[in-house]
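Trainee: Sequence isn't available, so here's the structure alone:
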């Protein structure tokens with residue numbers, strides 16, 4: 001169903017891919033937009049237990065796209081180091097494919113927004129976090145993306161660099 005990555009040597013392991021999703025703070029969500037045009041929008045998110053969560057307003061282009069077609073993709077760039085003299089970038093990124101749903105269950109929605117809040121302000125007090133969540137809770141929508149497929153990829157130069165490091169390790 002999902003395409004295999006052509007450049008398999010650059011494929012990150014599932015563990016490395018998940019680490020990028022856990023480390024990331026922003027990505028681009030792409031939905032099936034108006035008149036069949038793709039609609040990509042940057043947003044903050046949290047990865048938790050094979051799912052992505054984000055919040056948004058109760059109306060808008062993004063939600064219309066999700067309501068009309070639940071299949072989405074999400075991209076996170078972990079590293080993007082421009083190397084001008086090589087006319088390239090040393091990158092690491094992840095692309096996720098999944099199905100998005102607007103969260104209706106109040107208990108699940110509450111858990112998701114708390115997870116998101118903890119991701120972005122882990123040192124906040126529980127009282128302040130609860131106050132902020134309560135203040136915004138009635139005017140926001142929580143969305144869950146159930147991940148069906150994901151791939152991580154890094155620049156071939158980073159793969160070669162890692163291979164050199166391993167070769168050096170074996171010869172010490």
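Mentor: Yes, it's here. As the structure is a computational prediction, the values presented were derived from the model and not from experiment.

Trainee: can you count the residues close to residue 63?
Mentor: When neighbours are counted by other C-beta atoms under 10 Å, residue 63 registers 17. In short, each C-beta sits where N, CA and C put it, glycine included.

Trainee: State the distance from it to residue 55.
Mentor: 11 Å (C-beta to C-beta, to the nearest Å).

Trainee: between those two, what contacts are shared?
Mentor: 141, 143 (C-beta atoms under 8 Å, 6 or more residues apart in numbering).

Trainee: where do the helices sit along the chain?
Mentor: Per DSSP state H, the chain carries helices over the ranges 14-23, 61-68, 106-120, 126-137, 156-170.

Trainee: most packed of these?
Mentor: helix 61-68 (a mean of 17; mean count of other C-beta atoms under 10 Å).

Trainee: average model confidence for it?
Mentor: The average of the pLDDT scores along helix 61-68 is 95.

Trainee: Contacts for that helix, please.
Mentor: For helix 61-68, contacts defined as C-beta under 8 Å, 6+ apart pick out 29, 31-34, 39, 41, 43, 56-57, 72, 100-102, 141, 143.

Trainee: What of stretch 74-82?
Mentor: Stretch 74-82 is contacted by residues 20-21, 23-24, 26-30, 45, 52, 89-96, 98, 145, 154 when judged by C-beta under 8 Å, 6+ apart.

Trainee: buried subset of the residues you listed?
Mentor: With neighbours counted by 16 or more other C-beta atoms under 10 Å, those contain buried members at 20-21, 24, 27, 29-30, 45, 52, 90-96, 98, 145, 154.

Trainee: out of those residues, which are inside strands?
Mentor: 27, 29-30, 52, 90-96, 98, 145, 154 (DSSP state E).

Trainee: quick one: which of those residues is nearest residue 5?
Mentor: When those are compared for distance to residue 5 (C-beta to C-beta), residue 95 wins out at 9.5 Å.

Trainee: That closest one contacts residue 72, correct?
Mentor: No: contact criterion C-beta atoms under 8 Å: residue 95 and residue 72 do not qualify, at 11.1 Å.

Trainee: what residues are up against residue 133?
Mentor: 110, 113-114, 117.

Trainee: Do you know the pLDDT at it?
Mentor: So, for residue 133, pLDDT stands at 92.

Trainee: who's the residue nearest to residue 33 when sequence neighbours are not counted bridged to?
Mentor: The spatially closest residue to residue 33, leaving aside those adjacent along the chain, is residue 39, at 3.1 Å (C-beta to C-beta, 6 or more residues apart in numbering). Residue 39 has these beta-bridge partners by DSSP bridges: residue 31.
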